[in-house]
Structures are given as C-alpha cells and as structure tokens.
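**Q** For reference, the sequence and a predicted model appear below.
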Amino acid sequence: MAHYVAIIEDAGPDRAVGVWFPDLPGCTSGGDDVDEALRNAPEALELYAESFEEDGKPLPRPRTLTELKSDPEIAGDLKTYMVALIELPARAHAAE
C-alpha cells in the first residue's frame with residue numbers, strides 16, 4: 001500500500017484542522033480536531049485517486065519524508081506543522 005505524507009495545520013480551538021498532501025496538489029481534508037481530520041484523510045486520498053484513475057492518469061509517487069525535507073517549498077511546513085503518514089485505502093475494484 002502507498003503511504004503519503006500529510007501536513008496537519010491546527011489553527012487553534014475555534015478553527016477547523018486542515019490536512020493537505022504535498023505530493024497531491026489539491027488533495028485536502030479537514031475536521032473539527034486533529035483526530036477527526038486524520039480519520040477523514042484516507043477518504044480524501046481515495047477520492048483523489050479515483051479522479052486520477054477516471055482520467056487515466058497514474059497517481060504521483062509518494063515521496064519519503066527525507067525527500068520532502070529536501071524540497072525547499074515543503075521543508076518549512078514540515079518544521080512548522082505536524083505530519084502523518086496516511087495510507088491510500090485499497091479500493092474494492094483493485095482487488096478484483
């Protein structure tokens with residue numbers, strides 16, 4: 001299974017928590033707290049993957065945390081925010 005690094009932005013108690021994936025532009029999720037945002041993140045990945053599949057495009061390869069730390073556009077966010085590895089859920093039709 002593929003795992004993608006997620007950036008978790010917690011803006012405080014009165015705001016939603018945002019999740020985004022540096023390797024998947026436009027793939028975002030969120031929740032009322034960190035736990036809910038992390039529970040929602042796999043579904044966002046799955047929907048993103050389905051849209052790529054429908055367009056006949058392969059998903060970008062997930063970079064390692066070490067690779068992302070070397071990317072100057074992402075390195076600052078990795079220092080500022082929490083990170084998590086989110087597994088791309090196996091889709092039912094992939095097992096057929």
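**A** Cool, the structure landed.
**Q** Now do the residue most central in space within the chain against Ala2, distance only.
**A** Nearest to the mean C-alpha position of the chain, by CA atoms, centre = their mean, lies Phe21 at 3.5 Å. Distance, Phe21 to Ala2, by CB to CB, to the nearest Å: 11 Å. (Glycine included, C-beta is placed from N, CA and C.)
**Q** who touches both of the two?
**A** Among the neighbours of Phe21, none is also in contact with Ala2 (CB atoms under 8 Å, 6 or more residues apart in numbering).
**Q** Please compute how far the helix with the most length in the chain lies from its chain's middle.
**A** Secondary structure of the chain read by DSSP state H shows that its longest helix is helix 34-54. How far helix 34-54 lies from its chain's middle: 7 Å, per CA atoms, centre = their mean, to the nearest Å.
**Q** next one: stretch 4-20
**A** The chain centroid and the centroid of stretch 4-20 are separated by 11 Å under CA atoms, centre = their mean.
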